[in-house]
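Trainee: heads up, no residue letters with this:
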């Protein structure tokens, strides 16, 4: 440990938990399961996470942007498929060993103009998201032979409401996808996301594409989370001070002590991705005991009321996300979703990886 490490916020990433989650999803899906590692593996580090998954047997990876794919190819080397959900951008290197997801006529034309080199492609068929993917109207308007020579590895669609079990699209989209994919006999299909895997046979396909479930977010909202938790964010205490009842704390004086209190200031803030929406809502965990966040989250600092944790001292560490309060639980306090909490995790955190 360097002289400063004790006073840096630390993000611990349990690679064994991530690979265990992947294996569990494989067993549930009963077919191949990819690793979605876009947005730097949901903030945890795409390189280390993807290498751990590859060592566990994962052979398919998905990123959002071409630059992410290039970086991941360098991290993984040759072998696994790396698919780019954002398509094939103008000027991209068609020989980079990436598999673009072709989302519409522009992508298709660009890939054909590039000569459709060996990494192949995935064709995205829109079945109800109304975002990316060939719509039924676009499919019908394609001239004969427009999809020839694409080197298709999969056809896919993207589920819109799989985390809402009663939504009508969960019945419509698989049916629409089966009908559209029938035009591509012999081409493997990719359908389920994290939540979709838990719908069972109705959303089974040749390749599932889970993201959030790999990282411990709950793919079955309203039910017990079946996934293992994979991260723990601890932040050091910089200072503890006594404040009298009636004393305001932090920017805007939005919180005022109702009693004589002890206030701990810790070394993280919204510049580190700890959401400002958690002002006077968040919770820290000190020796297993919750302590409330008081006042506003500022750029680099957070203040906690530790009156009921009298032993806390500068240099002690406070868990702000972890097993005692999961990303989903932190998100609920902030009025958002666990995806935003995780993908906001800042670059200033010192990341420590527990081996798979």
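Mentor: Received, thanks. All of these numbers come straight from a predicted model, not from anything done at the bench. Numbers count the residues shown, from 1 in each chain.
Trainee: Just the buried residues of the helix or strand bottoming out on mean pLDDT in the chain, please?
Mentor: Counting by mean pLDDT, DSSP states H and E, the weakest-scoring helix or strand in the chain turns out to be helix 105-113, with a mean of 87. Judged by neighbour count (16 or more other Cβ atoms under 10 Å), helix 105-113 contains these buried residues: 107-108, 110-112. All C-beta spots, glycine's among them, are computed from the backbone N, C-alpha and C.
Trainee: do you know how far residue 328 is from residue 237?
Mentor: Using Cβ to Cβ, to the nearest Å, we find residue 328 at a distance of 26 Å from residue 237.
Trainee: oh sorry, the question was meant for residue 301
Mentor: Remark: distance between residue 301 and residue 237 (Cβ to Cβ) = 11 Å.
Trainee: any common contacting residues for the two?
Mentor: With contacts taken as Cβ atoms under 8 Å, 6 or more residues apart in numbering, residue 301 and residue 237 have 265-266 as neighbours in common.
Trainee: Look up how far residue 107 lies from residue 85.
Mentor: Separation of residue 85 from residue 107 (Cβ to Cβ) stands at 11 Å.
Trainee: Helices of the stretch 201-350 of the chain, residue ranges please.
Mentor: Under the criterion DSSP state H, counting those that start in this stretch, the stretch 201-350 of the chain carries helices at the ranges 327-334, 338-343.
Trainee: who does the first one touch, helix- and strand-wise?
Mentor: With contacts defined as 3 or more Cβ pairs under 8 Å, 6 or more residues apart in numbering; DSSP states H and E, the packing partners of helix 327-334 are strand 317-321, helix 338-343.
Trainee: just the ones you listed: most buried one?
Mentor: The highest mean neighbour count among the helices and strands packed on helix 327-334, using mean count of other Cβ atoms under 10 Å, belongs to strand 317-321: a mean of 24.
Trainee: Beta-bridge partners for the residue lying closest to residue 290 once chain neighbours are set aside, please?
Mentor: In this structure, residue 290 finds its nearest non-sequential neighbour in residue 283, 4.9 Å apart by Cβ to Cβ, 6 or more residues apart in numbering. Taking DSSP bridges, one finds residue 292 as the beta-bridge partners of residue 283.
Trainee: Give me the distance between residue 283 and residue 179.
Mentor: The span separating residue 283 from residue 179 equals 48 Å under the rule Cβ to Cβ.
Trainee: do residue 9 as well
Mentor: From residue 9 over to residue 179 the distance is 50 Å, taken as Cβ to Cβ.
Trainee: Those two - which one has more neighbours?
Mentor: In terms of neighbours (other Cβ atoms under 10 Å), residue 9 is the more surrounded of residue 9 and residue 179; the figures are 21 against 12.
Trainee: give the contact list for that one.
Mentor: Each residue near residue 9 by Cβ under 8 Å, 6+ apart is listed here: 233-236, 266-268, 272, 348-350.
Trainee: buried subset of those?
Mentor: Restricting these to buried positions leaves 233-236, 266-268, 272, 349, with burial counted as 16+ other Cβ under 10 Å.
Trainee: from the residues you listed, which is closest to residue 337?
Mentor: Nearest to residue 337 out of those is residue 233 (Cβ to Cβ; 17.3 Å).
Trainee: Tell me if I'm right that that closest one and residue 345 touch.
Mentor: Yes. Using Cβ atoms under 8 Å, residue 233 is in contact with residue 345, at 7.5 Å.
Trainee: Identify the contacts common to those two.
Mentor: Contact criterion Cβ under 8 Å, 6+ apart; residues bridging residue 233 and residue 345 by contacting each: residue 11.
Trainee: Mind jotting down where the strands sit in the stretch 251-356 of the chain?
Mentor: Along the stretch 251-356 of the chain, the segments classed as strands by DSSP state E, counting those that start in this stretch run 255-256, 261-266, 283-286, 289-292, 302-305, 317-321, 350-354.
Trainee: separation between the closest residue to residue 310 other than its chain neighbours and residue 69?
Mentor: Among residues not flanking residue 310 along the chain, residue 262 sits closest, at 7.2 Å (Cβ to Cβ, 6+ apart). Separation of residue 262 from residue 69 (Cβ to Cβ): 49 Å.
Trainee: how close does residue 115 sit to residue 100?
Mentor: From residue 115 over to residue 100 the distance is 13 Å, taken as Cβ to Cβ.
Trainee: okay, the two: which has more neighbours?
Mentor: Under the neighbour definition other Cβ under 10 Å, residue 115 and residue 100 were set side by side, and residue 100 has more, 27 against 10.
Trainee: Let me know the secondary structure of that one.
Mentor: Here residue 100 takes the strand state, with states given by DSSP: H, G, I helix; E, B strand; the rest coil.
Trainee: To what extent is the nearest residue to it once chain neighbours are set aside buried, counted in neighbours?
Mentor: Once flanking residues are discounted, residue 100 sits nearest to residue 88: 3.9 Å by Cβ to Cβ, 6+ apart. Residue 88 has 25 neighbouring residues, counting by other Cβ under 10 Å.
Trainee: repeat for the one 3 residues further on
Mentor: Here the count is done by other Cβ under 10 Å, and residue 91 has 8 residues near it.
Trainee: and residue 161, what does it touch?
Mentor: Listed by Cβ under 8 Å, 6+ apart, the contact set of residue 161 reads 167, 169-170.
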